[in-house]
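> The following comprises the amino acid sequence and a computationally predicted model.
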Amino acid sequence: MSAEQSAEQQDADAEIEVFAICGTHELPPGEAKAFDLSRLTPEGDARPFRIVVVRTGAREVVGYVNACPHKGAWLNIGGGQFFNAERTHLRCGRHGALFDIESGACTKGECEGAHLEPVAVAIVGADVCLCGVPLVEAEVASFPYDDFDETMEIMISPD
């Protein structure tokens with residue numbers, strides 16, 4: 001790789017957006033969690049973005065759009081569970097299709113051969129983060145008097 005290509009790659013890497021979606025303590029190894037986020041379209045509109053993140057190890061996570069490729073149902077529809085009884089596969093709650101946790105490939109069911117749509121996630125420090133997807137960030141309403149300092153303003157009216 002040339003120095004120019006390396007600089008271009010560094011610029012591209014610097015532009016990747018990373019959003020913390022939960023702390024690692026909120027998603028123990030071997031567990032899965034759904035997130036209902038709001039994604040920005042290229043036009044600047046907000047659209048629902050439902051994902052599932054599976055923590056596969058101490059510092060490893062995988063993520064998918066929370067939609068079965070068969071008919072788009074949430075994987076955890078019904079009982080809220082993401083795994084089959086043996087916890088070896090992700091499972092569609094609507095029709096029981098099974099998906100390989102690491103690859104998202106359907107191994108059994110109506111959509112066999114199809115894949116869950118992957119989402120880039122990573123553990124960064126103590127956070128589980130979504131990478132490369134622009135999200136609508138929740139705006140915290142400011143306190144109306146934040147701009148005032150601690151001094152008191154006194155007006156003296158001339159009489």
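Looks like it came in fine. Treat the numbers as computed from the prediction; the structure is a model and nothing was measured.
> Show me where the protein has its strands.
Here the chain has its strands, by DSSP state E, at 18-23, 32-40, 46-55, 61-65, 89-91, 98-100, 106-108, 118-119, 121-124, 127-131.
> Can you say which of those is packed in most?
Highest mean neighbour count among the strands of the chain (mean count of other C-beta atoms under 10 Å): strand 89-91, with a mean of 23. The way it works is simple: take the backbone N, C-alpha and C, and place the C-beta from them, glycine included.
> pLDDT (mean, whole number) over that strand?
In this model, strand 89-91 has an average pLDDT of 96.
> Which other helices and strands does it contact?
strand 98-100 (3 or more C-beta pairs under 8 Å, 6 or more residues apart in numbering; DSSP states H and E).
> contacts for the strand it packs on?
Identification of contacts with strand 98-100 by C-beta atoms under 8 Å, 6 or more residues apart in numbering yields 75, 84, 89-92, 105-109, 115-116.
> now it, how far from the centre of its chain.
From the chain centre to the centre of strand 98-100 is a distance of 20 Å (C-alpha atoms, centre = their mean, to the nearest Å).
> rewinding a little: which two from the contacts of strand 98-100 end up farthest apart in space?
Asn84 and His115 (17.3 Å; C-beta to C-beta).
> Low-confidence ranges, the chain, go.
Scanning the chain for pLDDT under 70 picks out 1-15, 138-159.
> Report the beta-bridge partner residues of the residue most central in space within the chain.
Of all residues in the chain, the one closest to the mean position by C-alpha atoms, centre = their mean is Leu130, 4.5 Å from it. Note on Leu130: beta-bridge partners by DSSP bridges are Phe19, Val121.
> show me the contacts for it.
Taking C-beta under 8 Å, 6+ apart, one finds Val18, Phe19, Ile21, Phe35, Leu37, Ile51, Gly63, Val119, Ala120, Val121 in contact with Leu130.
> and of those, the nearest to Ile101?
In terms of C-beta to C-beta, no member of these lies closer to Ile101 than Gly63, at 11.1 Å.
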